[in-house]
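> One predicted model, sequence on top.
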Amino acid sequence: MGFGSKWLGWMWSCLFSAKFSILVNGVPAGFFPSSKGLRQGDPLSPYLFVLGMEVLDALIRRVVAGGFLSGCSIRGGRRTNLKISHLFFADDTVMFCEANKEHLTHLSWILFWFEAASGLRINLDKSEIIPVGVVEEIDEMAEELGCRVGSLPSQYLSLPLGAPNKAPSVWDGVEEKMRRRLARWKWQYISKGGRITLIKSTLASMPIYHMSLFRMPKTVVRRLEKVQRDFLWGGGNVERKAHLVKWEVVCADKNKGGPGLRKLALLNKALLGKWIWRFACDKDNLWKQVIMAKYEQEGHGWRTKKAYEALGVGVWKEILKETDWNATVEEMWDQNFGQGGWNLRFLRDFNDWELDMIEDLLYVLRGYKPSMEEDSICWKGGRNGKFRVKEAYSLLGNPNDIVFLSSCIWVAIVPTKVAFFAWEATWGRVLTLDRLQKKGWQLPNCCFLCVQWVFPETIKEDLAPEADQSQSVNQDAAEISVDSCSPREGRSNEKGKDKEEKEKEKSKDPDKEKGKERDADRKGENEKEKLKGLEGTNLDGLLQRLPGCVSRDLIDQLTVDFCYLNSKSNRKRLVRALFNVPRTSLELLPYYSRMVATLSTCMKDVSSMLLQLLEEEFNFLINKKDQMNIETKIRNIRFLGELCKFRIAPAGLVFSCLKACLDDFTHHNIDVACNLLETCGRFLYRSPETTVRMANMLEILMRLKNVKNLDPRHSTLVENAYYLCKPPERSARVSKVRPPLHQYIRKLLFSDLDKSSIEHVLRQLRKLPWSECEPYLLKCFMKVHRGKYGQIHLIASLTSGLSRYHDDFAVSVVDEVSTFHHSLYLLS
């Protein structure tokens, strides 16, 4: 590779001077040298690893040049053809070759030589062969290479590979990560200032990696922004809190009246525009060569041609949407800067009427000297002529002429929660008495501290009184007389006068007034007892009846009874009681789900509160591996499954829970996934809107079972769950056709026979053609289990009655019974 002997000596000394020591029973066992590699954590280690991968790169290039491997051919509209045989990024490697055993044999030899030369070992257990299209004998090829068979869509560098980039399902992993992170925060009390900081530092940065390459669908934008909004204004509360400021203002810059959050759609546009800039600036990067081979270039290599219809892939088509195809080259000419001259060559001779135009052209060009330097691209939207995502985002935002004193609010030394409150107060969104009354809250104009009637004031009057008003109040304070008063004082004086008038009326007739007061007190106590009985005692009794509702009628009656006690506090208590179902009473979950489904038609918050509690519990317990949580996990996932069958829990939530278990298919996650499939897997598989996704999940489940070394119990659980969701197709059972005579005999013996009709049945049997019916009668007499248990003695009476006319029949019955009894004795 061109390294000098001195550098090689340094590396050699680093490799052979490394020594290690291990602890045996807590005591160091001495040092021993290493045969390969550096010390753990050595900063030279990744650099030497990259050098080692250069060896593998050289091996693959030689094999491809010799024709033993053929990479992936990328063809454009004309003659362009680019071959790519491999991609390296750290220890992640992708290799391309044809789907035949000969090429895979050559590839296995390359890996073997690389292991022998470098001392590194390739982990084939983590590797997989992914066929593109229909490939025959793929299993034999995978066995030849020694790895498992994968399929598209897959993941490479945490990005979807082979998945439709416009599908919202591509972003499910991002939303799931955000909700998992929120599940940790919701158990803590965080102020609004802290929530703003967490959204900026964590939630807003999670989707950036995906947004830098894919266009985010509008549905995903709404979902992710809703997660941020709900966390900002509600925190970890179950009930929905009011959003005091609209999201457009929250996503504005601090100088324009917002706290500085970013809108995901605009940030996505700015990130995709970065690729347009890089295509114009980068020279020989591999990704640019791929794009140029596929689309070709125009405009002196500054951009590619447009991608129409089926030409090209969807990723670059979406990036090209951020290109302004009507843009012009800015005039940046400096006539004193050039050193060259013009050498014009025309394709044809000119006509007489064109000579004047050519003369004018030559006169204009004479004043300009072309520069010998290469042309460069410059972006005028930012500083230094270079593209920056931050500046592009500010240009994409809506222009706002609002003058906002952000320097007075967002001060570095002021706590964030105080600054956020000041920002809310500046916009007039603090929930003061006047704003609550405007929103429909029935609140008295009363101060809760001094219990005096007041006029509702605005937030500006409470927090930011004008200076001249405060000065005038101070100046006039000394001149106010005893009789004058402010509006608040006037209200308090009026209240005092009313009290005096009432006391005078009481003094006129004290007995009547005392009687009225007693009656009023009794009525108030009775009303309080009624309210207490409705809200407290009856609800407690109803919740005590809840575990005993093990039938549809009982749970429906309980649901009707709760409607008479409907209130916000009672709904919260009911949701908490449903959520805390005992872990050993899982048979109650279908009836609880039925109750929630019935109530959700008129009480929407019941289902939303319960689902939020179950989702938070799932995200909290998913990483808990101790055995004491297994029953709680199963209760949680079965409850979600039952709610899904009643169409209360959305299918997306259930699929995200199942995907979380399949991503880490070990320990408790196997039990949780199997319980979820046993509960609602068949329902999701048979539903038209979810059958495709459920089939893919089941295929992944069986693939994980085959790949991982599961114990017999877990293997049985997975197989049972799979066949419950997708039972094997069997041919329909053909009903047995019996002749009419046989049907008549079965009717007499198994339907009509009882104490009162035994003589009638005996007479009918005697009338039958005995030679034809005797074998079938013997067969029916031996199948007494087809009838009722209480009819066995009647069959014995019929046998006795028929023996008077047919002696051989009774002997045959006794013989068959004895044989059957003897067989049971031998088996026991």
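Yep, that arrived.
> Give me the mean pLDDT for the helix or strand harbouring Asp815.
Assigned by DSSP states H and E, Asp815 falls within helix 807-827. When pLDDT is averaged over helix 807-827, the result is 82.
> go on, stretch 742-762?
For stretch 742-762, the per-residue pLDDT averages 86.
> Can you point out the buried residues in that stretch?
His742, Ile745, Arg746, Leu748, Leu749, Leu753, Ile758, Val761, Leu762 (16 or more other C-beta atoms under 10 Å). Backbone N, C-alpha and C define where each C-beta goes, glycine included.
> could you dump the residues you listed to CSV with secondary structure and distance to Glu144?
Output for those, formatted as CSV (DSSP: H, G, I helix; E, B strand; the rest coil; distance: C-beta to C-beta, whole Å):
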residue, secondary structure, distance to Glu144
His742, helix, 62
Ile745, helix, 66
Arg746, helix, 62
Leu748, helix, 70
Leu749, helix, 66
Leu753, coil, 70
Ile758, helix, 76
Val761, helix, 74
Leu762, helix, 77
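> and which of those is nearest Leu614?
Checking the buried residues of stretch 742-762 against Leu614 with C-beta to C-beta, the nearest one is Arg746 at 52.8 Å.
> Skipping adjacent residues, who's closest to the closest one in space?
Computed as C-beta to C-beta, 6 or more residues apart in numbering, the closest residue to Arg746 that is not its neighbour in sequence is Cys780, at 6.5 Å.
> so the one you found makes contact with Tyr744?
No. Cys780 lies out of contact with Tyr744 (C-beta atoms under 8 Å); the separation is 11.2 Å.
> Show me the two of the buried residues of stretch 742-762 that sit farthest apart.
Farthest apart among these by C-beta to C-beta are His742 and Ile758. That separation is 20.7 Å.
> I would like the residues contacting the helix holding Asp815, please.
Glu774, Leu777, Leu778, Phe781, Met782, Thr799, Ser800, Leu802, Ser803 (C-beta atoms under 8 Å, 6 or more residues apart in numbering).
> Which residue ranges of the protein form strands?
Counting by DSSP state E, the chain has strands at residues 19-24, 27-33, 72-75, 81-84, 86-89, 92-95, 128-129, 148-149, 154-156, 159-161, 297-298, 303-304.
> of all these, which lies closest to Ala721?
The closest of the strands of the chain to Ala721 is strand 148-149. By C-beta to C-beta, the value is 21.7 Å.
> The closest one - what's its average pLDDT?
pLDDT averaged over strand 148-149 gives 88.
> How about stretch 772-786?
82.
> Pull the distance from that stretch to the chain's centre.
Offset of stretch 772-786 from its chain centre (C-alpha atoms, centre = their mean, to the nearest Å): 62 Å.
> Name the residues of it that are buried.
Neighbour count says stretch 772-786 has Cys773, Glu774, Tyr776, Leu777, Cys780, Phe781, Val784 buried, by 16+ other C-beta under 10 Å.
> of all the residues you listed, which comes closest to Lys604?
Distances from Lys604 to these, taken as C-beta to C-beta, are shortest for Val784 (58.1 Å).
> low-confidence ranges in the stretch 651-800 of the chain?
730-734, 785-787 (pLDDT under 70).
> for the stretch 251-400 of the chain, same thing?
299-302, 307-314, 322, 324-341, 369-375, 398-400.
> Enumerate every residue touching the residue nearest to Arg746.
Cys780 makes contact with Ile745, Arg746, Leu749, Phe750, Arg786 under the criterion C-beta under 8 Å, 6+ apart.
> Tell me the spacing between it and Leu658.
Distance, Cys780 to Leu658, by C-beta to C-beta, to the nearest Å: 51 Å.
> Ok, Ile648 next?
Counting by C-beta to C-beta - Ile648 and Leu658 are separated by 17 Å.
> Those two: who's more crowded?
Neighbours were counted for Ile648 and for Leu658 using other C-beta atoms under 10 Å; Leu658 has more, 27 against 18.
> Tell me how many other residues crowd the residue nearest to Ile208 when sequence neighbours are not counted.
Nearest residue to Ile208 in three dimensions, chain neighbours excluded: Leu271, at 7.0 Å (C-beta to C-beta, 6+ apart). Residues lying near Leu271 (other C-beta under 10 Å) number 23.
> hang on, Leu271 packs against Phe214?
No. Applying C-beta under 8 Å as the test, Leu271 and Phe214 come out as separate, 9.7 Å apart.
> out of everything not next to it in sequence, what's closest to Ser118?
Gly52 (4.8 Å).
> So what's the residue count around Tyr393?
By other C-beta under 10 Å, neighbour count at Tyr393 equals 19.
> Enumerate every residue touching it.
Contacts of Tyr393 by C-beta under 8 Å, 6+ apart are Arg262, Leu266, Leu267, Ala270.
> Touching, Gly150 and Ile129? I think so.
Yes. With contact defined as C-beta under 8 Å, Gly150 and Ile129 form a contacting pair (6.6 Å).
> between these two, which one's more packed in?
Counting neighbours by other C-beta under 10 Å for Gly150 and for Ile129 shows that Ile129 has the greater number, 22 against 15.
> partner residues bridging that one?
Val149 (DSSP bridges).
> Just list the residues touching it, thanks.
By C-beta under 8 Å, 6+ apart, the contact list for Ile129 reads Leu104, Ile138, Met141, Ala142, Leu145, Cys147, Arg148, Val149, Gly150.
> Distance-wise, check it relative to Met53.
Per C-beta to C-beta, Ile129 is found 20 Å from Met53.
> How about Val418?
Applying C-beta to C-beta, the value for Val418 to Met53 is 53 Å.
> Looking only at neighbour counts, state which of those two leads.
Per other C-beta under 10 Å, whichever of Val418 and Met53 has more neighbours is Met53, with 19 against 13.
> now Thr219: how far from Pro168?
Distance from Thr219 to Pro168, by C-beta to C-beta: 5 Å.
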